[in-house]
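In: Sequence isn't available, so here's the structure alone:
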Ligand code: SF4
Ligand code: SF4
């Protein structure tokens, strides 16, 4: 039975939670892992060996800011040696020409660069870092000069929704081949910042319309991956392609999670790569088995024609809003709690006057 569980395709390696930026929607947990206790280089190499043996094809090196790890080039080189497609997800802060060249020489395949807004002052305010916008322009030039395919990531919320289209055009100007426009997901740091981040329905709909129009206008110039706003949707998204189906996350301290917010589900015990092999975790861990397939679903989801499409939505959102991780995601219009969600939206949307709660954890400059 265990042998029939398909191998994961992707592994998200959260190399560190350290990051110079403080984005108020960061998906990292409120209790950030400090530098103390982060997996060492040799431990990451062992995990990557196990990932490749398990069948993982793509590794996403993320954080926090992965450039804060002094061993990043060594880790990239190890991934390349294993034949893994290696993607760096970065804020760009800490990148320089020497490091970009070293990453290219080590075999890095792809870079995803985050932007916070198309307006410099607003971008720096959202990031909580003066000069972030200007630095990202420089970094995009370094990345494309090294020949890396570049994807730009942008998160849409109340403060920048009016510039959703401008961010797509900025990504194109920066030399990106692809741009990911995603509306805020309300977990991690986005929960205490929800009132500041929540767009009004009109703002969200205008942003969606603008981006969809650009998809047609810019077809052939840039690929636009558009993730529509969760709270305004009729159905939930297929979170991570389904729990324990396609990907897994490893936290800086070695905890293996089915998604980056899974640790918010208190009754699940997540095994650590320091104690178990990745294959054991994927195939035998009760936490990965908890919401795999459809047996755990309630009647509403189990009998629904979309159960193999969205897998009942997000477990972490179900817990946060319904108090039950096995509930139908309240984003779904079939959920009895969908009305509660509409209330939250109406109460909180557009209240941007309050200052953000910025996340902060010390970051070290890379060598
Ligand atoms: S603070 Fe911003 S740049 Fe840093 S990890 Fe979080 S979302 Fe990414
Ligand atoms: S009822 Fe469940 S499976 Fe059906 S659309 Fe809603 S969340 Fe998805």
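Out: Good, I have the coordinates. Keep in mind that what you see is a predicted model, and the values were worked out from it rather than measured. Ligands and ions are numbered 1, 2, ... in the order given.
In: now the end-to-end length of stretch 191-208.
Out: Chord length of stretch 191-208, first to last residue, is 22 Å (C-alpha to C-alpha, to the nearest Å).
In: Next one: that stretch, is it in contact with ligand 1?
Out: No. Counting by C-beta under 6 Å from any ligand atom, ligand 1 has no neighbours in stretch 191-208; the shortest distance is 11.7 Å. Glycine gets a C-beta too; all of them are placed from N, C-alpha and C.
In: ok, and for that stretch, which residues are buried?
Out: Of all the residues in stretch 191-208, those buried under the rule 16 or more other C-beta atoms under 10 Å are 193-201, 203-204, 206-208.
In: ok, residues contacting that stretch?
Out: The list of residues contacting stretch 191-208 from outside it, by C-beta atoms under 8 Å, 6 or more residues apart in numbering, reads 24-25, 30, 156-159, 161-162, 164-165, 183-184, 186, 190, 226, 228-229, 231-232, 320, 344-345, 348-352, 354-357.
In: Quick check: residues of this protein near ligand 1?
Out: Selection of the chain residues close to ligand 1 by C-beta under 6 Å from any ligand atom yields 19, 21-23, 26, 28, 63-65, 91, 114, 359.
In: Show me the two of those that sit farthest apart.
Out: Longest distance between any two of those is 14.0 Å, between 114 and 359; criterion C-beta to C-beta.
In: if you go through this protein in chain order, where are the helices?
Out: With helices called from DSSP state H, the chain shows them at 41-54, 72-81, 97-106, 120-127, 132-145, 164-173, 194-197, 201-217, 278-284, 286-289, 299-302, 315-322, 338-348.
In: Figure out which of the ones you listed is closest to ligand 2.
Out: Ranking the helices of the chain by their distance to ligand 2 (criterion: C-beta to the nearest ligand atom) puts helix 299-302 first, at 3.3 Å.
In: who's in contact with that closest one?
Out: 294, 307, 312, 328, 334-335.
In: Please indicate which of the residues you listed has the highest neighbour count?
Out: Of all those, the highest neighbour tally under other C-beta atoms under 10 Å goes to residue 312, namely 28 neighbours.
In: residues contacting that residue?
Out: When contacts are counted by C-beta under 8 Å, 6+ apart, residue 312 is found next to 236, 291, 294, 297, 301, 318, 328-329.
In: Go through these and name the one nearest residue 42.
Out: Proximity of those to residue 42 was ranked by C-beta to C-beta; the top entry is residue 291 with 32.4 Å.
In: Please name the nearest non-neighbouring residue to the closest one.
Out: residue 243 (3.9 Å; C-beta to C-beta, 6 or more residues apart in numbering).
In: List buried residues within the contacts of stretch 191-208.
Out: Among the contacts of stretch 191-208, those classed as buried by neighbour count (16+ other C-beta under 10 Å) are 24-25, 156-159, 161-162, 164-165, 183-184, 186, 190, 226, 228-229, 231-232, 320, 344-345, 348-350, 356.
In: I'd like to know which of these are part of strands.
Out: Counting by DSSP state E, those place 156, 183, 226 in strands.
In: On the pLDDT front, check the closest residue to residue 354 other than its chain neighbours for me.
Out: By the measure of C-beta to C-beta, 6+ apart, the closest residue to residue 354 outside its immediate chain neighbours is residue 196, 5.4 Å from it. pLDDT for residue 196: 91.
In: same question, residue 367
Out: At residue 367, the model reports a pLDDT of 36.
In: how much does the worst-scoring helix or strand of the chain on mean pLDDT deviate in direction from helix 201-217?
Out: Taking mean pLDDT, DSSP states H and E as the measure, the chain has helix 338-348 as its least confident helix or strand, at a mean of 77. Orientation of helix 338-348 against helix 201-217 (axes from the mean of the first three to the mean of the last three C-alpha atoms, to 10 degrees) gives an angle of 100 degrees.
In: how about stretch 290-301, does it reach ligand 2?
Out: Yes. In this structure, stretch 290-301 sits against ligand 2 according to C-beta under 6 Å from any ligand atom; the contacting residues are 300-301.
In: Could you pull out the buried residues of that stretch?
Out: By neighbour count, with 16+ other C-beta under 10 Å as the criterion, the buried positions of stretch 290-301 are 290-291, 296-297, 301.
In: can you check stretch 207-225 too?
Out: 207-208, 210-211, 214, 218, 222, 224.
In: end to end, how far does that stretch reach?
Out: Terminal residues of stretch 207-225 lie 14 Å apart, using C-alpha to C-alpha.
In: one step back: can I get the residues of the chain next to ligand 1 in a markdown table including pLDDT?
Out: Rendered in a markdown table, the data for the residues of the chain next to ligand 1 read as follows (pLDDT from 0 to 100):
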| residue | pLDDT |
| --- | --- |
| 19 | 95 |
| 21 | 96 |
| 22 | 95 |
| 23 | 95 |
| 26 | 94 |
| 28 | 90 |
| 63 | 91 |
| 64 | 92 |
| 65 | 97 |
| 91 | 97 |
| 114 | 98 |
| 359 | 85 |
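In: list the contacts for the residue in the stretch 201-350 of the chain positioned nearest to ligand 1?
Out: When distances are taken as C-beta to the nearest ligand atom, the stretch 201-350 of the chain approaches ligand 1 most closely through residue 260, which lies 10.6 Å from it. Counting by C-beta under 8 Å, 6+ apart, residue 260 touches 12, 14, 27-28, 188, 249.
In: let's see it at 6 Å
Out: Applying C-beta atoms under 6 Å, 6 or more residues apart in numbering, one finds that residue 260 lies in contact with 27, 249.
In: Kindly report the same for residue 56.
Out: For residue 56, the contacting residues are 8, 11, by C-beta under 6 Å, 6+ apart.
In: what's the pLDDT at it?
Out: According to the predicted model, the pLDDT of residue 56 comes to 98.
In: cool, residue 238 as well?
Out: Per-residue confidence for residue 238 comes out at a pLDDT of 83.
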